[in-house]
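Asks: What would the 3D arrangement of this be:
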Amino acid sequence: MSVSLTGPRVFTSRSGAELSFTALGFGTAPLGNLYQPVSENTARETLNAAWEVGCRYFDTAPLYGLGLSETRLNGFLRQHDRASYLLSSKVGRLLAVCPPEQRTGIGKFFDTPTRREVYDYSYDGAMRSLEFSLERLGVDSLDIVYCHDVDIFTHGSKAASDARISEFMNGGYKALHDLRAQGVIKAIGVGVNEWQVCETMARAGDFDLFLLAGRYTLLEQEALDSFLPLCEARGIGIALGGLDMWTNQLFGLSLFGTLKHGKPDYATLKPLKDVKPIVYPKPDGKISFDKLSSVFLSSTNHEEDQPAHLRLKDAAVPVAHNLPLYGEPARLYCPAGVYEVVYGHEATKTDPRFVINAQNCVHCKTCDIKDPAQNINWTVPEGSGGPNYAGM
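Replies: So this is what the prediction gives:
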């Protein structure tokens, strides 16, 4: 599928500045190693490919890879004249150096700087965030600056969201408003996941545009009731985030074409010697929980005399092949703790055995997909055993 990115869409901000958008912009969260590591070469090739097809709007944020997305944009943008593209970033988070185990986004962002997010929507916080972003990006100015993530999804409750909105409107908003008036930035806005928050802020301040991620689609139309008419009446622009994600979900295709891995998932696993183990914080029992507690919530049950539905093609492979080469990944990727490696002599890690706790299986089939030796065969269980997600 080909999509024309040519033909600029000119939007005039409150300051009178003309912003020339291409039909599709480039959201750079994946360049921050979101959900999986991306090599420097792949990141640069992706940016080059976007440029070649006509994309000229690039959006980033300090959160994306804890600064990694912005620093990766640095070298790419220096290849191009500053006037030839639009660039936006966000305020609301400062990045603080921290011990590795305290890093923000463990399990979500990979191979990033060891930083933790510090929410700061104050006047000084916005100014500091902007200064740091300019430094990481290697540019002298930003076209658009968004207030980032003052929504319920990020802060956990409407009360907490409202408190952050108030903090921003009494602090960071004034900073961005002043910078726009001085011509330092061309437009100001809000980037969130909830249209209701956008509507609240549209009524509270004088914003140029909103970056709304995934909340106005063919499946979600509620924003048409009040929010979008309000924006139209006030001349507020809308940038829709996550568009490529939604076209993949709805139509099974990408506006940018289909990016193929070139090999099946199980073949992408790297040997143990080539990776650094991820150190996850211990479950706190509030927002993170141990595996067995989560399995309990799924009401998983299998009859004791039920024939095994998790079958090994070769019982020797887990210990003889997977353990020395990959550290036996089944013990890690299984979300239910079905697979274990136990040792006859725990202190010396000798006499290992591969144990399958089939009773815990939640039928996700991750093992069948990801086992590097393709030795695990998930079969349809006999009887009615399994998880009862409807009861969760």
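Asks: Mind listing residues that contact whichever strand or helix holds E167?
Replies: When elements are assigned from DSSP states H and E, E167 belongs to helix 158-167. For helix 158-167, contacts defined as CB atoms under 8 Å, 6 or more residues apart in numbering pick out 92, 119, 121-122, 150-152, 154-155, 197, 200-201, 204. C-betas here are computed from N, CA, C, even on glycine.
Asks: 10 Å - rerun?
Replies: 92, 119-123, 125, 147, 149-155, 157, 172-173, 190, 192, 194, 196-197, 200-201, 204-205 (CB atoms under 10 Å, 6 or more residues apart in numbering).
Asks: The biggest helix by length in the chain vs helix 158-167, what angle?
Replies: Counting by DSSP state H, the longest helix found in the chain is helix 123-137. Helix 123-137 and helix 158-167 are oriented at 80 degrees to each other (axes from the mean of the first three to the mean of the last three CA atoms, to 10 degrees).
Asks: was I right about G67 contacting G105?
Replies: No: using CB atoms under 10 Å as the test, G67 is too far from G105 to be in contact (11.6 Å).
Asks: Show me which of those two is the more surrounded one.
Replies: G67 (22 against 18; other CB atoms under 10 Å).
Asks: Now do the phi/psi pair for the more buried one.
Replies: G67 adopts backbone torsions of phi 100, psi -20, taken as degrees, to the nearest 10.
Asks: just to revisit the earlier point, following the longest helix of the chain, which helix or strand shows up next?
Replies: Per DSSP H and E, the first helix or strand lying C-terminal to helix 123-137 is strand 144-148.
Asks: Please export the C-alpha coordinates of stretch 306-321 as CSV.
Replies: Only the C-alpha atoms of stretch 306-321 are listed here, as CSV (Å, rounded to 0.1, in the frame of the first residue of the first chain):
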residue,chain,number,x,y,z
GLN,A,306,-5.9,-35.0,32.5
PRO,A,307,-3.4,-36.1,29.8
ALA,A,308,-0.5,-33.7,29.5
HIS,A,309,-1.1,-30.9,27.0
LEU,A,310,2.5,-29.5,27.1
ARG,A,311,4.6,-32.1,25.3
LEU,A,312,8.4,-32.2,24.6
LYS,A,313,9.6,-33.6,21.4
ASP,A,314,12.8,-34.5,23.1
ALA,A,315,13.0,-34.4,26.9
ALA,A,316,16.8,-33.9,26.8
VAL,A,317,16.8,-30.6,24.9
PRO,A,318,15.9,-28.2,27.7
VAL,A,319,18.9,-29.2,29.9
ALA,A,320,21.3,-30.3,27.2
HIS,A,321,20.7,-27.5,24.7
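Asks: Next, the buried residues of it.
Replies: Q306, H309, L310, L312, V317, P318 (16 or more other CB atoms under 10 Å).
Asks: Keep only those of those that are in helices.
Replies: Of the positions in these, V317 sit in helices, assigned by DSSP H.
Asks: Let's have the buried residues of stretch 306-321 in JSON lines, adding pLDDT and distance to G235.
Replies: Converted to JSON lines, the buried residues of stretch 306-321 look like this (pLDDT from 0 to 100; distance: CB to CB, whole Å):
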{"residue": "Q306", "pLDDT": "78", "distance to G235": "64"}
{"residue": "H309", "pLDDT": "86", "distance to G235": "60"}
{"residue": "L310", "pLDDT": "89", "distance to G235": "59"}
{"residue": "L312", "pLDDT": "92", "distance to G235": "64"}
{"residue": "V317", "pLDDT": "94", "distance to G235": "64"}
{"residue": "P318", "pLDDT": "94", "distance to G235": "63"}
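Asks: For the protein, spot the helix or strand the model is least confident about on average.
Replies: When each helix and strand of the chain is scored by mean pLDDT, DSSP states H and E, helix 243-251 comes last, with a mean of 54.
Asks: which stretches of the stretch 51-200 of the chain aren't confidently modelled?
Replies: Within the stretch 51-200 of the chain, no stretch has pLDDT under 70.
Asks: ranges for the helices of it?
Replies: 68-77, 123-137, 152-155, 158-167, 173-181, 195-204 (DSSP state H, counting those that start in this stretch).
Asks: quick one: which of the ones you listed is nearest P113?
Replies: Evaluated over those, closeness to P113 peaks at helix 68-77, with 6.6 Å, by CB to CB.
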